[in-house]
Structures are given as C-alpha cells and as structure tokens.
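Chemist: quick one, fold the following:
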Amino acid sequence: MAYSGVVKPANKIVAGGSPLEQELKIENVTNMYPGRLVKKGTNDDDMVVNTAAGATLGWLGYEQTNPAFMPTDIDTIYALDDMAAVLYGGSFLIVGSLASGQNVTKGARLKAAADGELAAGIVGTDEIVAIAEESVDATSAAADIVVLSLI
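Modeler: Numbers count the residues shown, from 1 in each chain. Sure thing, here's the model as predicted:
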C-alpha cells in the first residue's frame with residue numbers, strides 16, 4: 001500500500017485539526033453513525049442524517065460527545081434523543097463515509113450523498129463539502145475515508 005500521508009485514528013473520527021463544536025439532539029437514529037454529515041431536524045436543536053440535497057450543518061462527532069451519550073465505538077449508531085457533538089468550521093481532517101459505488105483518488109472534491117455519506121463532486125456544479133485525503137475504492141460497499149472538511 002502506498003503512503004497516503006494520513007493515518008486513520010483508532011476509534012476516533014477527527015484525524016487532525018480543531019473543529020468548532022455544537023451539541024444537538026438526535027431526532028431520528030437512521031444512519032446516525034459518527035462521521036456522517038448531518039442537517040437540521042424539526043427544531044434548531046435537533047439533527048438528522050443529511051441527504052444528497054440537504055443543507056449540511058456539519059459532521060456527527062464522536063470523541064467530542066459527552067461520554068454519557070457516546071456509542072460504544074465509531075461503528076455503532078447513536079440512540080434517539082442522545083445529545084451529540086456536531087463538528088464544523090472547516091480546516092480539519094475527519095473520517096467520513098464514502099458511499100457505495102464511489103471510487104475516488106486523493107485530492108478528489110466530494111459532495112454530500114444520501115445517508116450522510118460522500119460522493120465525488122464537480123466544482124462549480126455541486127456544493128463541495130470535503131477533499132479526499134486518500135484514494136478509496138468503495139465500488140462494492142461504503143468505506144471509511146479521511147477527508148479535509150470544508151464545512
């Protein structure tokens with residue numbers, strides 16, 4: 001394997017930098033895994049997983065969340081009404097999820113996809129939310145990817 005310049009952290013999602021944080025309530029648990037993109041829920045203090053056309057608030061945090069609400073690990077979904085960190089502000093590295101059917105190279109510009117995941121985007125056409133910091137092939141199944149957050 002070639003050196004990518006980035007190391008995925010163990011059971012954490014922030015790989016570098018210092019994101020801004022806010023704490024919001026999990027309104028719906030569907031696909032609410034750490035590292036997924038989230039958007040506003042019904043109320044300003046609620047969040048739900050982002051959609052391909054959603055107005056992204058940021059990334060669902062993990063290690064920044066109060067331990068009383070943290071899932072067991074980064075592969076475990078949050079529970080309904082948990083208060084969880086939302087990370088935003090850009091200029092930090094985070095482990096996101098590249099949607100199934102995607103194959104991107106380091107430096108690729110990424111947009112929001114369904115279920116809070118990421119897909120290859122086109123500058124000037126799509127809202128670019130991140131830059132791939134490693135090449136990842138998710139053609140057969142969604143895969144973790146380290147990205148530079150732009151949001």
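
Chemist: when you work out contacts or count neighbours from here on, use the C-alpha atoms and nothing else.
Modeler: Fine.

Chemist: could you pull out the strands for this structure?
Modeler: 14-16, 20-26, 37-40, 46-49, 56-60, 83-88, 93-98, 102-104, 109-112, 118-120, 128-132, 136-138, 143-149 (DSSP state E).

Chemist: what does the last one contact?
Modeler: Okay, so that is strand 143-149. Here strand 143-149 makes contact (Cα atoms under 8 Å, 6 or more residues apart in numbering) with 6, 8, 15, 88-100, 129-134, 136-137.

Chemist: how does it look with 7 Å?
Modeler: 8, 90-99, 129-134, 136 (Cα atoms under 7 Å, 6 or more residues apart in numbering).

Chemist: ok, of these, which come out buried?
Modeler: Listed as buried from those are 8, 90-99, 129-134, 136; burial here means 16 or more other Cα atoms under 10 Å.

Chemist: which positions in stretch 138-151 come out as buried?
Modeler: Neighbour-count burial for stretch 138-151 [16+ other Cα under 10 Å]: 138, 142-151.

Chemist: can I get it as PDB, trimmed to CA atoms?
Modeler: Output in PDB follows, covering the C-alpha atoms of stretch 138-151 (Å, rounded to 0.1, in the frame of the first residue of the first chain):
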ATOM      1  CA  ALA A 138     -16.000   1.900  -2.400                       C
ATOM      2  CA  THR A 139     -17.400   0.500  -5.700                       C
ATOM      3  CA  SER A 140     -18.800  -2.600  -3.900                       C
ATOM      4  CA  ALA A 141     -19.600  -1.200  -0.400                       C
ATOM      5  CA  ALA A 142     -19.400   2.000   1.500                       C
ATOM      6  CA  ALA A 143     -15.900   2.700   3.000                       C
ATOM      7  CA  ASP A 144     -14.300   5.000   5.500                       C
ATOM      8  CA  ILE A 145     -12.300   7.800   4.100                       C
ATOM      9  CA  VAL A 146     -10.100  10.600   5.600                       C
ATOM     10  CA  VAL A 147     -11.100  13.900   4.200                       C
ATOM     11  CA  LEU A 148     -10.300  17.600   4.700                       C
ATOM     12  CA  SER A 149     -13.600  19.200   5.800                       C
ATOM     13  CA  LEU A 150     -14.500  22.400   4.000                       C
ATOM     14  CA  ILE A 151     -17.600  23.000   6.100                       C
END
